[in-house]
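Participant: Structure for this input, please:
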Amino acid sequence: MLKRLPAVCGALSVVVVSAGCFNLLFPYAPDQTAETLLRASCNFAFNCCDAAERPEAFASATRDEATCVEEGLEEGGSSTILGQRVQAAIALGNAEYDQALAEKCLKPIVDAANACDARAFLRPEVSAECNSALARGFAIGKVKDGDDCTDEI
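Facilitator: Predicted coordinates for the structure are as follows:
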């Protein structure tokens with residue numbers, strides 16, 4: 001039985017744009033975070049909203065959850081680009097990834113999507129620490145002040 005969430009499902013497009021069925025081994029690794037969030041968004045859209053409630057971001061071309069994930073992965077987006085930049089900075093030795101913090105900050109949002117908890121998923125309460133960490137892709141810089149810090153993307 002699907003939970004019906006009238007009027008709140010349309011707000012999902014904000015989560016998808018600004019930002020997982022999941023990769024169960026490493027869902028919060030730097031190369032998996034964007035996919036984990038995408039899968040959570042698609043899961044929410046197709047398992048918690050009916051077709052009339054589903055946001056425009058999914059209504060135009062997407063027919064089901066699997067297609068939603070596939071199209072989202074093909075499109076990439078800002079979360080994917082940030083993840084690529086973090087991976088490049090790590091490869092260059094300029095940063096390290098705080099997977100524990102990524103899981104601490106993102107797991108409640110992903111869990112809310114899987115539970116069809118619209119309030120917690122669409123308007124998550126995010127601490128200042130998590131908000132700051134999310135903006136930098138959970139990367140922690142390793143270079144000294146004044147040294148080059150690049151990801152060369």
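
Participant: drop to CA atoms for contacts and neighbour counts, all remaining ones
Facilitator: Will do.

Participant: which residues touch Gly83?
Facilitator: By Cα atoms under 8 Å, 6 or more residues apart in numbering, the contact list for Gly83 reads 30-31, 33-34, 137.

Participant: Can you pull up the most central residue in the chain?
Facilitator: Geometric centre of the chain, nearest residue: Leu37, 2.8 Å, by Cα atoms, centre = their mean.

Participant: Which stretches in this protein count as strands?
Facilitator: 95-97, 139-141 (DSSP state E).

Participant: Same list, these, but as JSON lines with distance to Leu122 and mean pLDDT please.
Facilitator: Listed next are the strands of the chain as JSON lines, based on distance: least, Cα to Cα, whole Å; pLDDT from 0 to 100:
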{"stretch": "strand 95-97", "distance to Leu122": "26", "mean pLDDT": "92"}
{"stretch": "strand 139-141", "distance to Leu122": "24", "mean pLDDT": "89"}
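
Participant: Distance to Leu73 and mean neighbour count added to the ones you listed, as TSV?
Facilitator: Formatted as TSV, the strands of the chain follow (distance: least, Cα to Cα, whole Å; neighbours: other Cα atoms under 10 Å):
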stretch	distance to Leu73	mean neighbour count
strand 95-97	22	19
strand 139-141	22	19
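
Participant: Pipe the ones you listed into JSON lines and attach distance to Arg119 per row.
Facilitator: Below are the strands of the chain laid out as JSON lines (distance: least, Cα to Cα, whole Å):
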{"stretch": "strand 95-97", "distance to Arg119": "29"}
{"stretch": "strand 139-141", "distance to Arg119": "28"}
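
Participant: Please identify which of those is closest to Glu53.
Facilitator: Each of the strands of the chain has some distance to Glu53 by Cα to Cα; the shortest is strand 139-141, at 35.8 Å.
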